[in-house]
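S.K.: Turn this into a structure:
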Amino acid sequence: MTLPEAIRTHIAGKTGHTDNIGMSGSCITVYDDCVLKIEDLTPYTAENIETMLWLQHRIPSPQVIHHEEQDGKSYLLMSRIPGKMSCDPEYLEQPAVVLHTLADGLHLLWKTDSTGCPRDRTLPKLLQEARWRVGNGLVDMDNVEPETFGPGGFESPMHLLNWLEANPVPSVPALAHGDYCLPNVFVLDGKFSGFVDVGDTGLGEKWRDIALCYRSLRSNYNGSYGGKIYPDFDPNALFDALNITPDWQQIRYHLLLDELF
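M.R.: Numbers count the residues shown, from 1 in each chain. Okay, here's the model as predicted:
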């Protein structure tokens with residue numbers, strides 16, 4: 001793959017490593033002071049970059065150094081957020097730190113003024129994008145929960161989509177990350193330090209972030225991710241950290257919707 005000249009110039013002489021955590025299908029290379037993300041162009045690429053630029057002075061998130069499109073690919077070079085992922089083994093051994101970090105990040109998003117945000121990620125838009133993904137065969141059936149499809153579940157992604165469209169939950173708008181899972185929330189010296197993968201951040205659904213955070217906690221602590229089981233951890237502790245009562249109808253709905261993303 002030939003990198004755009006502006007990016008080659010910026011990373012010349014730098015040594016990086018590939019980041020394989022996550023399921024986005026992107027190619028991510030991490031350098032000392034920057035990160036290069038390469039992925040296929042989509043109808044939402046331009047909106048993602050516009051959103052990142054809008055966020056730069058509002059929340060701690062990567063700064064866009066250079067973005068270029070070439071041969072059907074998006075090349076995004078951005079600054080690196082300090083710290084480690086909140087799913088780093090060092091922090092998984094400190095669940096109180098993880099919970100406070102995740103809660104601090106969500107509270108920061110919810111109190112940030114979303115006026116003028118260029119990205120609409122409220123439920124109608126999410127369903128619209130889900131229909132586009134299903135129609136273009138982009139649902140990754142290898143990374144869905146085992147009970148979602150098949151006996152006792154939905155027959156197909158289209159069957160699930162039709163159900164979601166027919167049974168929407170009430171929209172609860174807030175500035176939302178869009179993929180609020182442990183690898184996307186960073187910790188430095190035991191405290192929240194910033195977000196990564198913010199292209200889908202926008203005026204979105206508060207309960208979507210909560211639902212994805214809950215699932216990510218559960219999966220990181222029950223051994224689904226990483227392999228190590230932490231038997232004494234209860235993911236429901238998230239709701240205590242947030243000081244909210246869980247709405248299981250919202251949580252189930254948004255977890256099912258995320259199967260299409």
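
S.K.: For Thr9, grab the count of nearby residues.
M.R.: By other CB atoms under 10 Å, 10 other residues sit near Thr9. Placement of C-beta: from N, CA and C, glycine included.

S.K.: actually Asn220, not the one I wrote
M.R.: Asn220 has 24 nearby residues by other CB under 10 Å.

S.K.: can you check Glu93 too?
M.R.: 11.

S.K.: Now Phe233. Nearest residue, chain neighbours left out?
M.R.: Tyr221 (4.2 Å; CB to CB, 6 or more residues apart in numbering).

S.K.: hang on, isn't that neighbour packed against Tyr91?
M.R.: No. Here Tyr221 does not reach Tyr91: they are 11.5 Å apart, not a contact under CB atoms under 8 Å.

S.K.: any idea which helix or strand carries the spatially most central residue of the chain?
M.R.: Centroid-nearest residue in the chain: Asp179, 2.1 Å away (criterion: CA atoms, centre = their mean). Assigned by DSSP states H and E, Asp179 falls within no helix or strand.

S.K.: so it touches Val196, yeah?
M.R.: No. The pair Asp179 and Val196 fails to qualify as a contact (CB under 8 Å) at a distance of 9.7 Å.

S.K.: and Tyr221 and Tyr91? which has more neighbours close in?
M.R.: Tyr221 (24 against 21).

S.K.: ok, now which ones touch that one?
M.R.: Counting by CB atoms under 8 Å, 6 or more residues apart in numbering, Tyr221 makes contact with Leu92, Pro95, Ile229, Tyr230, Phe233, Pro235.

S.K.: Neighbours of the fifth one, how many?
M.R.: It refers to Phe233. Neighbours around Phe233, by other CB under 10 Å: 17.

S.K.: And what about it, helix, strand or coil?
M.R.: At Phe233, secondary structure determined by DSSP: H, G, I helix; E, B strand; the rest coil is coil.

S.K.: so it touches Pro95, yeah?
M.R.: Yes. If you go by CB under 8 Å, Phe233 and Pro95 touch, sitting 5.4 Å apart.

S.K.: Sort out which of the contacts of Tyr221 are buried, if you could.
M.R.: Neighbour counting with 16 or more other CB atoms under 10 Å marks Leu92, Pro95, Phe233, Pro235 as buried within these.

S.K.: Excluding chain neighbours, give the residue nearest to the first one in space.
M.R.: If I follow you right, that is Leu92. Nearest residue to Leu92, sequence neighbours excluded (CB to CB, 6+ apart): Asn220, at 6.3 Å.

S.K.: And for stretch 83-93, what's in contact with it?
M.R.: With CB under 8 Å, 6+ apart, stretch 83-93 has contacts from 21, 97-98, 101-102, 182-189, 193-194, 216, 220-221, 225-226, 228, 230.

S.K.: Just checking: what are the partner strands of the strand or helix carrying Ile65?
M.R.: If you go by DSSP H and E, Ile65 is part of strand 64-70. The pairing partners recorded for strand 64-70 under DSSP bridges are strand 73-79 (antiparallel).

S.K.: what's the model's confidence in the partner strand, averaged?
M.R.: Taken as a whole, strand 73-79 has a mean pLDDT of 98.

S.K.: Return the distance of that strand from the chain's centre.
M.R.: 17 Å (CA atoms, centre = their mean, to the nearest Å).

S.K.: Dump the helix or strand where Leu102 lies to CSV, keeping only the CA atoms.
M.R.: Using DSSP H and E, Leu102 falls within helix 95-111. Taking Å, rounded to 0.1, in the frame of the first residue of the first chain, the C-alpha atoms of helix 95-111 are listed here in CSV:
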residue,chain,number,x,y,z
PRO,A,95,-11.8,-2.3,38.7
ALA,A,96,-12.5,0.8,40.8
VAL,A,97,-10.2,2.8,38.6
VAL,A,98,-11.9,1.4,35.4
LEU,A,99,-15.4,2.2,36.7
HIS,A,100,-14.5,5.7,37.7
THR,A,101,-12.7,6.3,34.4
LEU,A,102,-15.7,5.1,32.4
ALA,A,103,-18.1,7.1,34.5
ASP,A,104,-16.0,10.3,34.3
GLY,A,105,-15.8,10.0,30.5
LEU,A,106,-19.6,9.5,30.1
HIS,A,107,-20.4,12.4,32.5
LEU,A,108,-18.0,14.6,30.5
LEU,A,109,-19.8,13.8,27.2
TRP,A,110,-23.2,14.4,28.8
LYS,A,111,-22.3,17.8,30.1
